[in-house]
Structure formats: C-alpha cells, structure tokens
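J.: sequence and predicted structure are below.
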Amino acid sequence: MCQVVAMIRRMFVNRRREILLAVVIVVLSLIFGAVNSTFLSPSNLASIISNNAVYGIMAIGMMFVISTGNIDVSAGAQLALVSMLTAKLVSNGIFSSVPMLMICSLVTGLALGFINGSLVAYLKIPAIIVTLATLNIIRGGMLLTFGSSWISGLPDWFTETARFKPFGGELKITAYYWILACILAAVFLYKSVIGRRIIAVGANPEGARRIGFEPKTSYIWAFTIMGATSGLAAFLYTANVGIAQAVAGNGYEMSLIAAVVIGGTSFNGGKASILGTFLGVLLLGVIENGLVTARVPLYWQEFVTGVVIIAAIISSIIRTPIISGHSYKFIWGNKK
C-alpha cells in the first residue's frame, strides 16, 4: 500500500504541470458548457481535437527545437510551401497515390528543416535569424510565384484522406494521426539515443560535447523533425480544407510556441514534454472554440488568445534560472 501511495506521489510530482493543465481544460470546458450547452456535445468536443490536429503535429516538431534551446519561426511558411506543392501535384494529376503524396510532403518538409538545422549548426547563426530569413524567403518566393491566388477543387479521393471519420465515431482521421505522432515522438525522445542526446544538448551544450554528444548533430535532428512534422501537417491541412494558398499557416508560429511552453518544455532547453505539448494545444483549442460558441466578438477572441500566449512565454522566462549566461539563449540561439 505504501509503495502504491509513493508511486502516485511521484507521478503527481513529476507530472504536476500536465495534471494542472488537464484540470484547467476540464474546468474551462465546464464553464463554456454552462454558457452554451453545445460546447459539451460529442460532435463539438471531437471537432476541437480534430481541428487542432495540424497544430498538434507541428507543435511536436516545435517542442524538439525548443528543447535544444533554439526556436523556429518559419514553421508556418514551411506548411504553406508544402501545401502548395501537394495541391499542385494533385491538381496536375502528377500523383494519384495518397502514400506517394504523403511521402513527398514529408520529404519536402524534412529537407526544409534540414536546411534550417544545418545553417544553425554549421554557420553558427542564431536560430531566430536563420528561420526568420527562411520565413521571408519562402513567403516572398511564394507570393512572387503564386500571388494571392489559391488552388481549389481538389478531388474527393484526396480530401477524404483527412476528413474521413474511422470507427464510426466523431473524430476525423487527422486526430488519429496526431495521437500516432505523439506516440512515435515519445518513443523517439525517451527511448532512442538521439532523443536523449537532444535533451542533454539542450540542458548543457558544452557539457554534452565533453561527453561525446555533438550539439550540431542534435540541432540538425531537431530542425529536421520540425520540418517533417510541418510536411505531414501540410498534407493533412491541404486535404482537410480542400484548398492551398501562399498565405496558409501565417502566424502559426506563436501559437505553436505558446502550446509548447504551456506544456512545460523549457525555453532554455533541456526539458520537453510530449503529453504537456498535447495538452497545451488542446487548451488553446478549448479557449478558441469556447469563445466562438459563447459568441464572443472576434477581436476579443484574438485579445484573449494573445494574452494567453504572452502569459505562457513570460511564465517560461520567469521559471528559467539564470546560470552562467545560459538563460534566454532561445532569443539568440545556442552558444556553439
């Protein structure tokens, strides 16, 4: 009996942030449900999860980047580029195979992430500068190429790959992709050598280097994972909404960063939480959906969401101790 109590106590201590997030989500859901009973309907709750699956998958990649003490502000632009490419391949009849399209999206996103990671690792340019540059290159290049036009009229065989609801339930298949991505990310982060090295490098780059963990490799892995998750998210996003446009994903980065730090991943690196990131995305989704069902004006919705994002970032900074100049490295990038 004592062992069971001790185990529960350890779980609460180790997962207190995730438990608190789950409690906040439940309390907010009950409040929004009291304001408008439709909020707690199975279809609406399922839509919150399904509609935030794209954010959730990308947040996993952002979690890996932030856990190394870096940041990626080009994630939304990556999604837009891969989305346009995927839509072009479908509309022009180049690929009619869903697996091939998904592989193409993943590889393209992976390549974009690899480029970001390589620039950060080998040129020793701060991550925020590198990704801000790639953000502008991608956005500018797409606007020059496509302008404000979009690709629509995508066939049903493609759109159903994201809209399909398996097992006769309310959840779209995108939600299951999100859950699967979380499981794979957890196995990779906690069970693989590379995952453990990413955390070690984020906690102390110099210390990790002294024991044989090369920080450059970990940075490249983290940004490459970010690119891969953006690629998968872009595929699902395009299939779900049925259109692609150059401005897709605009502003996603701040929401992704907020969800990750709300979930407990340290801005300073060395700490990551898959479950916390999942709950962070879910919390933002509950707030957004709850404000909509409560018929709160759009400008108030944006205001509240912005306050939550700022509060999450500030709380992460406050929680981070200042040790030998190691703090706040997320602003400038890791010291190589």
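T.: Thanks, I have it.
J.: show me where the stretch 51-200 of the chain has its strands.
T.: According to DSSP state E, counting those that start in this stretch, the stretch 51-200 of the chain carries its strands in the segments 150-151.
J.: just the helices in the stretch 151-300 of the chain please.
T.: For the stretch 151-300 of the chain, the helices defined by DSSP state H, counting those that start in this stretch cover 156-163, 173-191, 193-203, 205-210, 215-241, 252-262, 274-293, 298-319.
J.: nearest to Leu101, of these?
T.: Leu101 sits nearest to helix 215-241 of all the helices of the stretch 151-300 of the chain, at 6.6 Å, using C-beta to C-beta. Just so you know, the C-beta spots here come from the backbone N, C-alpha and C atoms, and that holds for glycine as well.
J.: and the helices of the stretch 151-300 of the chain as a markdown table, adding mean pLDDT?
T.: Below are the helices of the stretch 151-300 of the chain laid out as a markdown table (pLDDT from 0 to 100):
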| stretch | mean pLDDT |
| --- | --- |
| helix 156-163 | 91 |
| helix 173-191 | 95 |
| helix 193-203 | 90 |
| helix 205-210 | 82 |
| helix 215-241 | 95 |
| helix 252-262 | 90 |
| helix 274-293 | 93 |
| helix 298-319 | 76 |
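J.: which one of these lies closest to Met102?
T.: Closest among the helices of the stretch 151-300 of the chain, using C-beta to C-beta: helix 215-241, at 5.4 Å.
J.: so what secondary structure elements neighbour that closest one?
T.: helix 53-67, helix 75-91, helix 98-122, helix 156-163, helix 173-191, helix 193-203, helix 205-210 (3 or more C-beta pairs under 8 Å, 6 or more residues apart in numbering; DSSP states H and E).
J.: and the angle for that helix with helix 53-67?
T.: Angle, helix 215-241 to helix 53-67, by axes from the mean of the first three to the mean of the last three C-alpha atoms, to 10 degrees: 170 degrees.
J.: now the phi/psi pair for Ser148, please.
T.: For Ser148, the backbone dihedrals (degrees, to the nearest 10) come out as phi -90, psi 10.
J.: which residues touch it?
T.: Gln245, Ala246, Val247 (C-beta atoms under 8 Å, 6 or more residues apart in numbering).
J.: narrow the residues you listed to those in strands?
T.: Among those, the residues falling in strands (DSSP state E) are Gln245.
J.: derive a ChimeraX selection command for the buried subset of the contacts of Ser148.
T.: This is the ChimeraX syntax for the buried subset of these, where burial follows 16 or more other C-beta atoms under 10 Å:
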select :245,246
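J.: so can I have JSON lines of the helices of the stretch 151-300 of the chain showing mean neighbour count?
T.: Shown next, in JSON lines, are the helices of the stretch 151-300 of the chain (neighbours: other C-beta atoms under 10 Å):
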{"stretch": "helix 156-163", "mean neighbour count": "16"}
{"stretch": "helix 173-191", "mean neighbour count": "18"}
{"stretch": "helix 193-203", "mean neighbour count": "20"}
{"stretch": "helix 205-210", "mean neighbour count": "15"}
{"stretch": "helix 215-241", "mean neighbour count": "27"}
{"stretch": "helix 252-262", "mean neighbour count": "26"}
{"stretch": "helix 274-293", "mean neighbour count": "22"}
{"stretch": "helix 298-319", "mean neighbour count": "14"}
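J.: just put those in a markdown table and tack on distance to Ser74.
T.: Formatted as a markdown table, those follow (distance: least, C-beta to C-beta, whole Å):
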| stretch | distance to Ser74 |
| --- | --- |
| helix 156-163 | 23 |
| helix 173-191 | 20 |
| helix 193-203 | 19 |
| helix 205-210 | 22 |
| helix 215-241 | 9 |
| helix 252-262 | 8 |
| helix 274-293 | 19 |
| helix 298-319 | 18 |
